[in-house]
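**Student:** got a sequence here, can you build the structure:
(one chain, ligands or ions: 1)
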Amino acid sequence: MKRILITIMIWVVSLQLICAQGKTPKLLKYGAQTTVKRTDSAMAKWRANRLGQFIHWGLYAIPGGVWKGKTYAYAAEFLKSSARLSTATWDSLMYAFNPVKFDARAWAKMDKAMGVKYMTITTKHHEGFCLWPSKYTDFTVAHTPFKRDILQELVEAYTAEGIDVNFYYSVLDWHHPDWRYDLKNAADSAAFDRYLDFAKNQLAELATRYPKVKGFWFDGTWDLSVQKNGKWTYEVEMMLKQLVPGAIVNSRLRADDFGKRHRDSNGGLMGDYESGYERRLPSPYDTSVLKTDWEACMTIPENQWGYHQDWSLSHVKSGNEILENIIRAVALSGNMLVNFGPKGDGSFRTEELQRAKEIGDWMKVNGEAVYHCGYAGLERQDWGYFTKNEQTGKVYMVVFNVPVSLSLNLKLPRGMVITSAALVGEPTQQYQPEEVAPDQYMIHLEPKRYDKPIVIALVLTGKSKTNGNYREAKT
Ligand code: H76
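**Tutor:** Numbering: from 1, shown residues only. Here you go, the predicted structure:
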């Protein structure tokens, strides 16, 4: 008996030691900067913006997923790789880059009307082509027939409309001779060091040429070569924050001392927000995502970021589906970047213009349930999503699924009551919630056709309830 007890005690002690060891944080030079959310005004603005426009534009917009009469179904911006084209062949597209219909002010006006508060533009995608006249390479818009500094025009036009501009930058570069996927020998390391200098120079150039930029969105950082250079990712983050006060950097840039990406070896988020939600969202019940800021990005077809001529190859999201994705993100305090891929001539395809208008018309009426909004802390129901305005405390029911009963269920925390419930956009439409059980209510909708999500604004107060007309069932 005594022996058994001693054995158990040894087990317990060693288990505790193992656990304690597991908790000892690793000493990191290039890990997370902080374990809490940023509270400065730049970050608060980014968070309040909630809805952003992603724009993928580069040479890939010219072939639009079609090469020599053959259509490649995979992402249009990957055509060089899908059609197995040489770098020389692909790069010669620059001589055909002449987007005569490009009008930065028209883009910004479209986005203003769509209700987006920020825009993230591909300054350089994997192909390596630069939308600005970089002094570190000739593979830029300056050397195309178009010549104009597209980035400059966009920064000016969007900023004038009150829309924040962020720069997407791909570290992966199919054009640069010194890019490496992995570092297998000294020659690879020497080449890649040159590449990293080039990329850092370009980033410093972007930050200083366009000081109105609000943040940087990194991509193409998943290869072993970058994982082995966590120090560089750290230094780039620090450099950008020094050059652009308040700059916001996504987690995808970063790797730590051990090559761990997004989250460091101790689990801390690197960069300012989690940017791993690409064409997917967390479960609407996963409140663990509330611990950090986060942003999702999504395409309208299944997986087309750059312009593709043929959108019949996959499901194309409707305006309502896009709205649901936006609200799903906001309901868990996340941002949503909706992607458009302009054509090679600088104009937008009809489907995108339609989506922009549909989303904008809805946002104009219901935007108060999106901007400055986040997690409401209420139990989710089948009809849709709750959001809560962090400034006013108002709670919104964003209803995507109207039940055939027309009755929307609500379950409130003990002691909370509904002081008012009104249809957003039609304040004369007030609802009288029916209390159906303790802390449970129903809101009864008008019998009519609902073809857009409706938003009901709730004023909730903590007053204790007056009637106690209920009795627990004896079972
Ligand atoms: C894979 C990949 C890239 N990451 C997305 C944000 C797009 O830029 C796509 O090309």
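**Student:** how about the residues of the protein near the ligand?
**Tutor:** His56, Ala75, Glu77, Asp219, Glu278, Cys297, Trp305 (Cβ under 6 Å from any ligand atom). Bear in mind the C-beta positions are built from the backbone N, C-alpha and C, glycine included.
**Student:** among these, the buried ones, what's the ChimeraX command?
**Tutor:** In ChimeraX, selecting the buried portion of the residues of the chain next to the ligand, with burial taken from 16 or more other Cβ atoms under 10 Å, looks like this:
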select :56,75,77,219,297,305
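**Student:** what about the residues of the chain next to the ligand, which are in strands?
**Tutor:** With DSSP state E as the criterion, strands contain Asp219, Glu278, Cys297 from among the residues of the chain next to the ligand.
**Student:** in a markdown table: those, plus pLDDT and distance to Phe198.
**Tutor:** Compiled in a markdown table, these are given as follows (pLDDT from 0 to 100; distance: Cβ to Cβ, whole Å):
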| residue | pLDDT | distance to Phe198 |
| --- | --- | --- |
| Asp219 | 98 | 17 |
| Glu278 | 97 | 26 |
| Cys297 | 98 | 26 |
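**Student:** burial count for Pro177?
**Tutor:** 9 (other Cβ atoms under 10 Å).
**Student:** distance of it relative to Phe348?
**Tutor:** 34 Å (Cβ to Cβ, to the nearest Å).
**Student:** with Pro99 instead?
**Tutor:** From Pro99 to Phe348 the distance is 12 Å (Cβ to Cβ).
**Student:** list the buried ones in whatever helix or strand Ala42 lives in?
**Tutor:** Element membership of Ala42 [criterion: DSSP states H and E] is helix 41-49. Residues Ala42, Met43, Trp46, Arg47, Ala48, Asn49 are the ones in helix 41-49 that count as buried (16+ other Cβ under 10 Å).
**Student:** who's in contact with the residue nearest to the third one when sequence neighbours are not counted?
**Tutor:** Nearest residue to Trp46 in three dimensions, chain neighbours excluded: Ile248, at 5.3 Å (Cβ to Cβ, 6 or more residues apart in numbering). Contacts were defined as Cβ atoms under 8 Å, 6 or more residues apart in numbering; by that measure Ile248 touches Ala42, Met43, Trp46, Asn166, Lys214, Gly215, Phe216, Asp272, Tyr273.
**Student:** quick check: Tyr169 is in a helix.
**Tutor:** No: secondary structure of Tyr169 (DSSP: H, G, I helix; E, B strand; the rest coil): strand, not part of a helix.
**Student:** what about the strands in the stretch 201-350 of the chain?
**Tutor:** For the stretch 201-350 of the chain, the strands defined by DSSP state E, counting those that start in this stretch cover 215-219, 248-249, 274-278, 294-298, 334-340.
**Student:** quick one on the thing from earlier: what is the helix holding Ala42 packed up against?
**Tutor:** strand 164-170, strand 248-249, strand 334-340 (3 or more Cβ pairs under 8 Å, 6 or more residues apart in numbering; DSSP states H and E).
**Student:** kindly recompute the last result at 6 Å.
**Tutor:** Judged by 3 or more Cβ pairs under 6 Å, 6 or more residues apart in numbering; DSSP states H and E, helix 41-49 is in contact with no other helix or strand.
**Student:** contacts for that helix next, please.
**Tutor:** Defining contact as Cβ atoms under 6 Å, 6 or more residues apart in numbering, one finds that helix 41-49 is touched by Lys117, Tyr118, Gly246, Ile248, Tyr371, His372.
**Student:** those residues, buried ones only, as a PyMOL selection?
**Tutor:** Remark: buried members of these, expressed as a PyMOL selection using 16+ other Cβ under 10 Å:
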select buried, resi 117+118+248+371+372
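**Student:** biggest separation within the contacts of helix 41-49, which pair?
**Tutor:** Gly246 and Tyr371 (19.2 Å; Cβ to Cβ).
**Student:** nearest to the ligand: which residue in this structure?
**Tutor:** In the chain, no residue comes nearer to the ligand than Trp305, which is 4.2 Å away by Cβ to the nearest ligand atom.
**Student:** and that residue, what's its pLDDT?
**Tutor:** Listed pLDDT for Trp305 reads 98.
**Student:** excluding chain neighbours, what is closest to it?
**Tutor:** Here the residue nearest Trp305, using Cβ to Cβ, 6+ apart, is His56, at 4.1 Å.
**Student:** also Phe340?
**Tutor:** Going by Cβ to Cβ, 6+ apart, Phe340 has Glu352 as its nearest residue, at 4.8 Å.
**Student:** measure the one you found to Gly58 for me?
**Tutor:** Relative to Gly58, Glu352 is positioned 17 Å away (criterion: Cβ to Cβ).
**Student:** related to what we said a few turns ago, kindly state the beta-bridge partners for the residue nearest to Trp46.
**Tutor:** Note on Ile248: beta-bridge partners by DSSP bridges are Gly215.
**Student:** what's the farthest-apart pair in the contacts of Ile248?
**Tutor:** Top of the distance list for those (Cβ to Cβ): Met43 and Phe216, 13.8 Å.
**Student:** contacts for the longest helix belonging to the chain next, please.
**Tutor:** Longest helix of the chain, by residue count under DSSP state H: helix 186-209. Defining contact as Cβ under 6 Å, 6+ apart, one finds that helix 186-209 is touched by 134, 136, 167, 171, 176, 178-180, 183, 225, 232, 240, 243-244.
**Student:** am I right that Thr123 is in contact with Pro133?
**Tutor:** No: Thr123 is not in contact with Pro133 according to Cβ atoms under 6 Å; the separation is 11.5 Å.
**Student:** neighbour count: these two, which is higher?
**Tutor:** Thr123 (27 against 19).
**Student:** show me the contacts for the residue nearest to the more buried one when sequence neighbours are not counted.
**Tutor:** Excluding the flanking residues, the one nearest Thr123 by Cβ to Cβ, 6+ apart is Phe167, at 4.8 Å. Going by Cβ under 6 Å, 6+ apart, Phe167 touches Thr123, Leu206, Val213, Phe216.
**Student:** now with 8 Å, please.
**Tutor:** Thr120, Ile121, Thr123, Leu151, Leu206, Tyr210, Val213, Gly215, Phe216, Trp217.
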